[in-house]
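**Q** need coordinates for the following:
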Amino acid sequence: MTYELECQIEELRAELRNAIDPCERRQIEAELDLAQAGLTLAIAEMDGRVDAEPPF
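**A** Predicted structure coming up:
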């Protein structure tokens with residue numbers, strides 16, 4: 001799962017470098033933030049720092 005997120009992040013970074021329209025840049029930046037947060041969470045789950053199971 002982390003490999004796919006890392007690939008998505010790299011693709012979004014490339015898109016961001018080429019984006020000219022401010023609205024498009026904001027959208028890509030938001031998607032990039034979400035992907036980076038997802039990667040951080042996935043790594044934390046793999047390291048055992050975060051419990052992936054719901055508390056109930």
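
**Q** quick one: pLDDT of residue 53?
**A** As predicted, residue 53 sits at a pLDDT of 68.

**Q** with residue 50 instead?
**A** pLDDT, read off for residue 50, is 69.

**Q** and the most centrally placed residue in the chain, how far from residue 41?
**A** Nearest residue to the geometric centre of the chain (CA atoms, centre = their mean): residue 35, 1.1 Å. Using CB to CB, to the nearest Å, we find residue 35 at a distance of 11 Å from residue 41. In short, each C-beta sits where N, CA and C put it, glycine included.

**Q** from residue 9, how far out is residue 17?
**A** 13 Å.

**Q** between those two, who's got more neighbours?
**A** residue 9 (16 against 8; other CB atoms under 10 Å).

**Q** follow-up on the earlier one: you'd agree the residue nearest to the centre of the chain is up against residue 8?
**A** Yes - with contact defined as CB atoms under 8 Å, residue 35 counts as touching residue 8 (5.0 Å).
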